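In: sequence first, then the predicted structure:
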Amino acid sequence: MSFLSTIFGHNNEASDKIVVLDKIDYASAISNKKVQLVDVRTANEFSGGHIKNALNIDFFNAANFEISFSKLDKTKPVYIYCRSGARSQKAAKKLVDMGFSQIFDLKGGYSRWS
Ligand SMILES: O=S(=O)([O-])[S-]
């Protein structure tokens, strides 16, 4: 940890753990691997189309969000996405607070995916 990240502690620690990937890097990271992939949009949005093999954990359903994510492995990377990137950014911060070690967020969200 650098001097600055010691001073600003929490925030920099969070940003170390959150990596925003563009579509190409995200696609290659989730391909052919058994990754934890989570769509944090609503069930309605999810049913209208989603990335193959994604779980759906709605960010707006706060109680269920924590319960469902706590069933995942915090020591392994988790890949998340939303519609355009705002919700997943907030979700990523929550996941850091919950103890997840590495969060990959899809830049631009699902709207840029298809
Ligand atoms: O999913 S969102 O970034 O549009 S809030």
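Out: Looks like it arrived, so ask away. Computed from a predicted model, the values in this text were never measured in an experiment. Numbering: from 1, shown residues only.

In: what's the helix or strand for the spatially most central residue of the chain?
Out: What sits nearest the mean C-alpha location of the chain, by CA atoms, centre = their mean, is residue 80, with 2.8 Å. For residue 80, the element it lies in under DSSP states H and E is strand 78-81.

In: for this protein, where's the lowest mean pLDDT among helices and strands?
Out: helix 3-7 (a mean of 53; mean pLDDT, DSSP states H and E).

In: related to what we said a few turns ago, same question for the strand holding residue 80, mean pLDDT?
Out: The average pLDDT for strand 78-81 rounds to 98.

In: for the closest residue to residue 104 other than its chain neighbours, give me its contacts.
Out: In space, and not counting its chain neighbours, residue 104 is closest to residue 79: 4.7 Å by CB to CB, 6 or more residues apart in numbering. All C-beta atoms are positioned from the backbone trio N, CA, C, and that covers glycine. By CB atoms under 8 Å, 6 or more residues apart in numbering, the residues touching residue 79 are 26, 29, 30, 35, 36, 37, 38, 103, 104, 106.

In: show me what residue 79 is bridged to.
Out: Beta-bridge pairing for residue 79 (DSSP bridges): residue 37, residue 104.

In: hmm, back to that, relative to the ligand, how far out is the residue nearest to the centre of the chain?
Out: Computed as CB to the nearest ligand atom, to the nearest Å, the residue 80 to the ligand distance reads 11 Å.

In: surely that residue and residue 35 touch.
Out: No: with contact defined as CB atoms under 8 Å, residue 80 does not count as touching residue 35 (10.9 Å).

In: which residues of the chain lie near the ligand?
Out: Residues of the chain lying close to the ligand by CB under 6 Å from any ligand atom are 82, 83, 84, 85, 86, 87, 109.

In: model confidence for the closest residue to the third one other than its chain neighbours, exactly?
Out: When you say that, I think you mean residue 84. The shortest distance from residue 84 to any non-neighbouring residue, by CB to CB, 6+ apart, is to residue 109 (4.2 Å). Residue 109 carries a pLDDT value of 98.
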